[in-house]
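K.L.:
Predicted structure and sequence below. I'll ask about it afterward.
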Amino acid sequence: MTYCTGMRLDAGLVFLSDSRTNAGVDQVGTFRKMNVFEHPGERVMVLMTSGNLSISQSVREHVAAYVGADGVSVWNATSMLTAARIVGDAVREIHKRDAQALAEFGVEFNIGIIFGGQIKGERCRLFQIYSAGNFIESHDQTTYFQIGESKYGKPILDRVITPQTGLDEAAKCALISMDSTLRSNISVGLPLDLLVYEADSLAVTRFTTIDERNQYFQMLRSSWGAQLKAVFESIDDPVWDAAPGTTDNVLCAANGKVPPLRVPLPAHLDQASAAAPPLQSVAQQFGGPPA
């Protein structure tokens, strides 16, 4: 499995990917999932993949080498939209070539792609491309995309990321999102690739690979965990069965109780319960308290 996230912000783009692949509990591999297409001063494009590794590698190689009948490739496309179409067409081409053979061995044709960047004369753009080769583009209402094991890292992105978020703050948020995923899912693992692209720079200037020895990432994950715990502990516990107006933080008011939806006792248990004598204390059974 994998986890990748890409963000499109007013200030530029942020990309983060893990590097773990799994083919079983004892088949764990490390493969980098971020690929950069860079022609300094002219274009920077980033391709991140999830899903079947052989399919992902085939698509990447097809995109890198593809030249259409009209001579257009990702290296000379005049817009990111055209480049995204080339990536989508590459997915369809690999599907046409491999999907039936994979299906015969019970292997699903499965790939997810985040593709983004900037071509000179155009704004930064970000796309999510699916297994069918179709895609959607990020806009202000959807400033980030995720692929792979996305659910654990989504809440922090939803709370923090807006188009106005700065690049360093977005990178920090992406790393916290990744840490949340690392802690909850063994199929996502270090090292990580992080690329932060400043709009109109048309070159890769901020990139790093992060392993377990990275000082900033270790500080971030320990600080985030400690501060989450501190915030949690600072929130009051709920109050049960409170009379109206007597206290704050009422979870269940005394006058507003709703019973649970109980499943009726089977008839034989209900009858046995009705016939049983009431419980007595030890003292009652033996004629009162000891002298």
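P.N.:
That came through fine. Numbering: from 1, shown residues only.
K.L.:
where along the stretch 51-200 of the chain do the strands fall?
P.N.:
111-119, 125-129, 135-137, 144-148, 192-198 (DSSP state E, counting those that start in this stretch).
K.L.:
Of those strands, flag the one that's most buried.
P.N.:
Comparing the strands of the stretch 51-200 of the chain on average neighbours per residue, with mean count of other C-beta atoms under 10 Å, the densest one is strand 111-119 at a mean of 26. C-beta coordinates here come from the backbone N, C-alpha and C atoms, glycine included.
K.L.:
Check which helices and strands that one is in contact with.
P.N.:
Here strand 111-119 touches strand 3-9, strand 12-17, strand 43-51, helix 53-65, helix 80-104, strand 125-129, strand 144-148, going by 3 or more C-beta pairs under 8 Å, 6 or more residues apart in numbering; DSSP states H and E.
K.L.:
Save the ones you listed as a markdown table, and put in mean pLDDT too.
P.N.:
As requested, those are exported to a markdown table (pLDDT from 0 to 100):
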| stretch | mean pLDDT |
| --- | --- |
| strand 3-9 | 98 |
| strand 12-17 | 98 |
| strand 43-51 | 98 |
| helix 53-65 | 97 |
| helix 80-104 | 98 |
| strand 125-129 | 98 |
| strand 144-148 | 98 |
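K.L.:
need those in CSV with distance to residue 137, can you?
P.N.:
Shown next, in CSV, are these (distance: least, C-beta to C-beta, whole Å):
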stretch, distance to residue 137
strand 3-9, 9
strand 12-17, 13
strand 43-51, 14
helix 53-65, 18
helix 80-104, 8
strand 125-129, 5
strand 144-148, 10
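K.L.:
so which of these comes closest to residue 171?
P.N.:
strand 12-17 (5.4 Å; C-beta to C-beta).
K.L.:
just checking, what packs against that closest one?
P.N.:
strand 3-9, strand 43-51, strand 111-119, helix 167-184, strand 192-198.
K.L.:
Name the nearest residue to the most centrally placed residue in the chain, sequence neighbours excluded.
P.N.:
With the centre of the chain defined as its mean C-alpha position, the nearest residue by C-alpha atoms, centre = their mean is residue 150, 2.2 Å away. Using C-beta to C-beta, 6 or more residues apart in numbering and skipping residues adjacent in sequence, the residue nearest residue 150 is residue 3, 6.6 Å away.
K.L.:
beta partners for that neighbour?
P.N.:
residue 148 (DSSP bridges).
K.L.:
do the one 10 residues further on as well
P.N.:
As for beta bridges, residue 13 partners with residue 8, residue 197 under DSSP bridges.
K.L.:
who touches it in this structure?
P.N.:
Residue 13 is in contact with 6-7, 46, 116-118, 124, 126, 195-197, 199, counting by C-beta atoms under 8 Å, 6 or more residues apart in numbering.
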